[in-house]
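Provided below for reference: sequence and predicted model.
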Amino acid sequence: MTLGTTIGGWIIITKGVSYNPWAGIAFGILAFVMIGLRSFLEQSEMKSFSD
């Protein structure tokens with residue numbers, strides 16, 4: 001959360017407020033990618049324990 005706030009503030013200072021929603025969208029996509037990656041890793045870990 002701190003990282004997102006810091007980057008959002010930096011974008012406002014350097015580019016303006018109009019670019020901040022794009023940063024939010026990028027962080028949202030990154031969050032979904034990380035959720036998918038974690039799910040994939042947990043499933044592969046469960047398979048290795050059951051073998």
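Here it is on my side, so go on.

tell me where this structure has helices.
In order along the chain, the chain carries the following helices (DSSP state H): 2-14, 20-50.

and the first one, what does it pack against?
When contacts are defined as 3 or more CB pairs under 8 Å, 6 or more residues apart in numbering; DSSP states H and E, helix 2-14 packs onto helix 20-50. For every residue, glycine as well, the C-beta is placed using N, CA and C.

which residue is the nearest non-sequential neighbour of Phe27?
Distances taken as CB to CB, 6 or more residues apart in numbering place Gly4 nearest to Phe27, at 5.6 Å, with adjacent residues excluded.

mean pLDDT and mean neighbour count for the helices of the chain - can I get that in a markdown table?
Supplementary listing: these in a markdown table, determined by pLDDT from 0 to 100; neighbours: other CB atoms under 10 Å:
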| stretch | mean pLDDT | mean neighbour count |
| --- | --- | --- |
| helix 2-14 | 88 | 11 |
| helix 20-50 | 88 | 10 |
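
circling back: state the distance from the residue nearest to Phe27 to Gly24.
8 Å (CB to CB, to the nearest Å).

repeat for Ile11
Distance from Ile11 to Gly24, counting by CB to CB: 10 Å.

tell me the contacts of Tyr19?
Tyr19 is in contact with 11-12, counting by CB atoms under 8 Å, 6 or more residues apart in numbering.

what do you get if the cut-off is 6 Å, keeping everything else the same?
By CB atoms under 6 Å, 6 or more residues apart in numbering, the contact list for Tyr19 reads Ile11.

just Leu41 next, same as before
By CB under 6 Å, 6+ apart, the contact list for Leu41 is empty.

what's the distance between it and Leu30?
16 Å.

just Gly36 next, same as before
According to CB to CB, Gly36 and Leu30 sit 11 Å apart.

can you check Val17 too?
In this view, Val17 and Leu30 are 21 Å apart by CB to CB.

same thing with Thr2?
Note on Thr2: its distance to Leu30, by CB to CB, is 15 Å.
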